[in-house]
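A.B. asks: Provided below for reference: sequence and predicted model.
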Amino acid sequence: MQTPDVTRTSTTQSPGRPWKRRAWKALAALGAVVLVGAAGVGAYYAAWKWPHRNESVAIEHSALATQYRYGADRTGVAPADATAGPRKRYRLVWVTPRLNVGDYSASKSTPAVTEREVFVATDRGTLVAVRRSDGSRLWEFRGHPSEKGSHSSPAIDDQHVYISDYGGYVYAVRKDTGTMVWESRPGDFIGSSPLLFGDTLLIGVEFRGRRGALVGLERATGREVFRSATLPDLCHSSPAVDAAANAAYMGDNSGGVYRWNLGVLSAAQPQRDVMPAWRFSAQPPSGDVKSTPALWQDLVVATSWDHNVYAIDTASGRRAWRFATGGLSMSSPSIDASRTLVVAGSHDGNVYGLDVNSGKERWRFRAGGPVMSSATLLPHEGVGIIGSSNAMCHVFDLDSGAIHQSLWLYSGLTGVPVAVGRHLYLFDHLGHLYAYTSADRTR
């Protein structure tokens, strides 16, 4: 196991019927051992808690993670220069203090990463920027008060960071200072993560009365350029875009997966009440599609609370295949095109590897707890990385599902691991932001 690795042992003793004095001595000795052991474990835990707090690491030039799931297709595939693999191990280099309240069970924010910074939103309603080199805080932006804070994952461009919150606001913030550039309130609530598509920011928004919509905002000003017709339920899903077809896809809590043809997006001529080209329906009554769809060739793949993974034909909206898991799923599918492989987790505690053409299972592994996280794939290294609710993050083999390494965390990982260059960033449920670096295995 990856450091920190706290070994838990338990001993039981049967005192039998010794003399009282010997019994008292034995109990006293046992008590001393327990106290010393507890103190030792406590000291070990405390020593691990911030052992790398001031460790500084060199950051090499690499491709970046500028938005949730890397690209507009939301396949979860890391850039080709991200390194992990069966011959490497991740080593913890720094971890921040707790940033989240942690009292709301929805998935937490996933970090965005630039050359020098890591950005993450908190369920205290803030956007935090830290240095990649040592985890020290650069700035913290706070928008309007929001009861449930922000679970949205940031999107970044050359100058700005874009983020939303449960108060229904979308913000553009200066990347260097954390100063707000604009704000927009396209809905009453937002649990979706923004997607940068050309000059537009696409995001799912929600309204009182359990309704939702897909909205497009002009990146420079926050003015509305696109709004779909109202959806029949809330949309915690985040949009995916097929750039070649100029089409967007998103799910909602009514069990729908939708396609919209975007047309020309312009603030001068905003599109209103745009009807979907088609709607696919998961199984009622509890087929909520909270996952973010992933796109591959002529398929859009999504998971559902009805215990299924679906592949849907992008042209017709008809089901191509369905795979039944043992529990509900809000883990967003990841797709390795080179292996024609779909990877998705489930609340049944399994991570599944499926054939993207047929939906047939190739492998599965037990993650140790319900899997709300989504996988980040490094096809060139042959591995994927995914978190689970039992405070672990697993590095696994894409061909077999075998686990190469498990990283222990303070709490469950409901967001998505972010691999950038030789570094890995995780943001756990309680809001500890971790930085790992990969190195060759040594025996």
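C.D. replies: Noted; the coordinates are in hand.
A.B. asks: Am I right that residue 338 falls within a helix?
C.D. replies: Yes - counting by DSSP: H, G, I helix; E, B strand; the rest coil, residue 338 falls inside a helix.
A.B. asks: Does it touch residue 379 like I think?
C.D. replies: Yes - when contacts are counted by CB atoms under 8 Å, residue 338 is listed as touching residue 379 (4.9 Å). For every residue, glycine as well, the C-beta is placed using N, CA and C.
A.B. asks: Those two - which one has more neighbours?
C.D. replies: residue 379 (17 against 11; other CB atoms under 10 Å).
A.B. asks: Could you check how far the more buried one is from residue 244?
C.D. replies: Between residue 379 and residue 244 the computed distance is 21 Å (CB to CB, to the nearest Å).
A.B. asks: Residue ranges in the stretch 51-200 of the chain under the pLDDT threshold?
C.D. replies: 51-54 (pLDDT under 70).
A.B. asks: which stretches of it form helices?
C.D. replies: Using DSSP state H, counting those that start in this stretch, no helices are found in the stretch 51-200 of the chain.
A.B. asks: Contact partners for residue 420?
C.D. replies: Residue 420 sits next to 62-65, 78-79, 82, 113 when contact means CB atoms under 8 Å, 6 or more residues apart in numbering.
A.B. asks: Now do it, the pLDDT please.
C.D. replies: On the pLDDT scale, residue 420 is placed at 96.
A.B. asks: Can you report how many residues neighbour residue 342?
C.D. replies: Neighbours of residue 342 (other CB under 10 Å): 27.
A.B. asks: Show the pLDDT at it.
C.D. replies: Note on residue 342: pLDDT of 98.
A.B. asks: Also the one 4 residues further on?
C.D. replies: Residue-level confidence at residue 346 comes out at 98, pLDDT.
A.B. asks: Just to check, it is in contact with residue 323?
C.D. replies: No - judged on CB under 8 Å, residue 346 makes no contact with residue 323 at a distance of 10.2 Å.
A.B. asks: Find residues that contact each of those two.
C.D. replies: residue 352.
A.B. asks: out of the two, which sits in the more crowded spot?
C.D. replies: residue 346 (25 against 20).
A.B. asks: so what's the more buried one up against?
C.D. replies: 303, 307, 325-329, 331, 352, 370-371.
A.B. asks: With residue 160 instead?
C.D. replies: Applying CB under 8 Å, 6+ apart, the residues contacting residue 160 are 172-175, 181, 219.
A.B. asks: Dig out what it forms beta bridges with.
C.D. replies: For residue 160, the beta-bridge partners are residue 174 (DSSP bridges).
A.B. asks: Can you tell me how far it is from residue 425?
C.D. replies: From residue 160 to residue 425 the distance is 20 Å (CB to CB).
A.B. asks: Low-confidence ranges, the stretch 301-443 of the chain, go.
C.D. replies: 442-443.
A.B. asks: Strands of that one, residue ranges please.
C.D. replies: Using DSSP state E, counting those that start in this stretch, the strands found in the stretch 301-443 of the chain span residues 308-313, 319-324, 334-336, 341-345, 350-355, 361-366, 376-378, 383-388, 392-397, 403-408, 418-420, 423-427, 433-440.
A.B. asks: need the contacts of residue 160 in a markdown table with neighbour count, can you?
C.D. replies: Output for these, formatted as a markdown table (neighbours: other CB atoms under 10 Å):
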| residue | neighbour count |
| --- | --- |
| 172 | 24 |
| 173 | 25 |
| 174 | 14 |
| 175 | 22 |
| 181 | 16 |
| 219 | 21 |
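A.B. asks: can I get the residues you listed in TSV with distance to residue 56?
C.D. replies: Below are the contacts of residue 160 laid out as TSV (distance: CB to CB, whole Å):
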residue	distance to residue 56
172	30
173	26
174	25
175	21
181	31
219	34
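A.B. asks: Residue 321 and residue 355, how far apart?
C.D. replies: Counting by CB to CB, the gap from residue 321 to residue 355 is 9 Å.
A.B. asks: Then residue 79?
C.D. replies: Residue 79 is 25 Å from residue 355, by CB to CB.
A.B. asks: Repeat that for residue 421.
C.D. replies: With CB to CB as the criterion, residue 421 and residue 355 are 31 Å apart.
A.B. asks: Pick out whichever of those two has more residues nearby.
C.D. replies: Per other CB under 10 Å, whichever of residue 421 and residue 355 has more neighbours is residue 421, with 22 against 16.
A.B. asks: show me what contacts the closest residue to that one other than its chain neighbours?
C.D. replies: Closest residue to residue 421 apart from its sequence neighbours, by CB to CB, 6 or more residues apart in numbering: residue 62 at 3.1 Å. Residue 62 sits next to 79, 81-82, 420-422 when contact means CB under 8 Å, 6+ apart.
A.B. asks: and with 10 Å instead?
C.D. replies: 79-83, 113, 115, 419-423 (CB atoms under 10 Å, 6 or more residues apart in numbering).
A.B. asks: Check residue 331 too.
C.D. replies: With CB under 10 Å, 6+ apart, residue 331 has these contacts: 107, 290-292, 303, 309, 325, 343-347, 351-352, 370-375, 386-388, 414, 416.
A.B. asks: Could you report the neighbour count for the residue lying closest to it once chain neighbours are set aside?
C.D. replies: Leaving aside its chain neighbours, residue 331 sits nearest to residue 345 (3.7 Å; criterion: CB to CB, 6+ apart). Counted with other CB under 10 Å, residues neighbouring residue 345 total 31.
A.B. asks: how far away is residue 345 from residue 189?
C.D. replies: On the measure of CB to CB, residue 345 and residue 189 end up 25 Å apart.
A.B. asks: I'd say residue 188 and residue 146 touch.
C.D. replies: No - using CB atoms under 10 Å as the test, residue 188 is too far from residue 146 to be in contact (11.1 Å).
A.B. asks: neighbour count winner among those two?
C.D. replies: Using other CB under 10 Å, the more surrounded residue of residue 188 and residue 146 is residue 146, with 20 against 14.
A.B. asks: quick one: that one and residue 166 touch, right?
C.D. replies: Yes - between residue 146 and residue 166 there is a contact under CB under 10 Å: 4.8 Å.
A.B. asks: which residues do those two both contact?
C.D. replies: With CB under 10 Å, 6+ apart as the test, residue 146 and residue 166 both reach 123, 125, 189-190.
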